[in-house]
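Visitor: Need coordinates for the following:
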Amino acid sequence: MLYEDEDDFFVGSPRSKFFDILFNANKNLVQDALEKHVERHVAMEMILEKLALKEGIDIETEISIIRSEKQDDIHNAKVDFFISTVGDILTQNE
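Guide: Numbers count the residues shown, from 1 in each chain. Now for the predicted structure:
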């Protein structure tokens, strides 16, 4: 388990470092990175809605089921998101 220590850059969760970078990196780089993620999210939602309509699936019900049954997978995906986004921002911030 990781323990948070705001005085040490190398200690803390990927989530806490994500927000550290978001609030301290170049504003334009952060906006660009977040906009790319939002565009991807919206595109995936459009695809999902199209497929769900075709198959007669209620998206909100399925999301609730996944959130309750796949908590560990969701947590891991969020950590991956935090790490990859921070990496994208930091490599452009140099």
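
Visitor: by contact count, what packs against the helix or strand where residue 72 lies?
Guide: Following DSSP states H and E, one finds residue 72 within helix 71-93. In terms of contacts (3 or more C-beta pairs under 8 Å, 6 or more residues apart in numbering; DSSP states H and E), helix 71-93 is packed against helix 14-24, helix 27-55. Where C-beta positions appear, they are placed from N, C-alpha and C, glycine not excepted.

Visitor: quick one: buried residues of that helix?
Guide: 82, 85-86, 88-89 (16 or more other C-beta atoms under 10 Å).

Visitor: would you turn those residues into a markdown table with distance to residue 45?
Guide: Listed next are the buried residues of helix 71-93 as a markdown table, based on distance: C-beta to C-beta, whole Å:
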| residue | distance to residue 45 |
| --- | --- |
| 82 | 21 |
| 85 | 19 |
| 86 | 24 |
| 88 | 21 |
| 89 | 24 |
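
Visitor: follow-up on the earlier one: quick one: closest of the helices and strands packed on helix 71-93 to residue 78.
Guide: With C-beta to C-beta as the criterion, residue 78 lies closest to helix 14-24 of the helices and strands packed on helix 71-93, at 7.3 Å.

Visitor: What are the contacting residues of that closest one?
Guide: Under the criterion C-beta atoms under 8 Å, 6 or more residues apart in numbering, residues 4, 6, 12, 30, 78-79, 82-83, 85-86, 89-90 lie in contact with helix 14-24.

Visitor: could you redo the last one with a cut-off of 7 Å?
Guide: Residues outside helix 14-24 that contact it (C-beta atoms under 7 Å, 6 or more residues apart in numbering) are 4, 30, 79, 82-83, 85-86, 89-90.
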